[in-house]
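Trainee: this one's structure only:
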């Protein structure tokens, strides 16, 4: 079966090297809007999305994530944009809903020729006093937790080759 969406899903890869050039506002809005169309439990639209292009705040995020990771280097791969996703600590589907938002944004980025990569450790980062203060700076409501992030920008590398899908990935029961 040939389908443009299925083709894009098969071709999307995690990008870990970005051009210094910032993405356009139109591209950013397209990616963010795609995140708002992710399914959420009971249609509650609980997650919050924060796009960061301010270099000072990006540097702070890099430092926070690196501290949790316990390694030097830039865990966001020097991307010019970082998109963070938060959800209510009390929501029973917070990580599920936030993960779908992140996935939608990654697929949307690929569809408009942007690179992206899923980044972890935002839960730990935003559980710290520094992270809680940063959420206040982002004007987010209290009671949220960090779910994850994506690095976002123009790829400065070839699209990685897909790894072979494992043989026993799927079961069909009729």
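Mentor: The structure has been received and is ready for your questions. Note that the structure is a prediction, hence the values are computed from the model and not measured.
Trainee: list the beta-bridge partners for the most centrally placed residue in the chain.
Mentor: Among the residues of the chain, the one closest to the centroid is residue 150, at 2.6 Å (CA atoms, centre = their mean). Each beta-bridge partner of residue 150 is listed here, defined by DSSP bridges: residue 83, residue 118.
Trainee: wait, it sits on residue 104?
Mentor: No - under the criterion of CB atoms under 8 Å, residue 150 is not in contact with residue 104, lying 10.4 Å apart. For every residue, glycine as well, the C-beta is placed using N, CA and C.
Trainee: contacts only, for the closest residue to residue 87 other than its chain neighbours.
Mentor: Leaving aside its sequence neighbours, residue 87 sits nearest to residue 94 (CB to CB, 6 or more residues apart in numbering; 3.7 Å). Taking CB atoms under 8 Å, 6 or more residues apart in numbering as the definition of contact, the neighbours of residue 94 are 46, 47, 87, 88, 145, 147.
Trainee: strands - which of those land there?
Mentor: Where those overlap with strands, as defined by DSSP state E, the overlap consists of 87, 88, 145, 147.
Trainee: now for those residues, which pair is the farthest apart?
Mentor: Comparing every pair within the ones in strands among the contacts of residue 94 by CB to CB identifies 88 and 147 as the most remote, at 10.3 Å.
Trainee: compare the two (neighbour count), which wins?
Mentor: In terms of neighbours (other CB atoms under 10 Å), residue 147 is the more surrounded of residue 88 and residue 147; the figures are 23 against 19.
Trainee: what's the closest non-adjacent residue to the more buried one?
Mentor: Of all residues not flanking residue 147 in the chain, residue 98 sits nearest, at 3.1 Å (CB to CB, 6+ apart).
Trainee: measure that neighbour to residue 168 for me?
Mentor: With distances taken as CB to CB, to the nearest Å, residue 98 is found 29 Å from residue 168.
Trainee: of those two, who's got more company?
Mentor: More neighbours surround residue 98 than the other of residue 98 and residue 168, with 29 against 6 (other CB under 10 Å).
Trainee: correct me, but the more buried one touches residue 49?
Mentor: No - the pair formed by residue 98 and residue 49 falls short of the contact definition of CB under 8 Å, at 9.3 Å.
Trainee: joint contacts of those two?
Mentor: When contacts are counted by CB under 8 Å, 6+ apart, residue 98 and residue 49 have residue 85 as shared neighbours.
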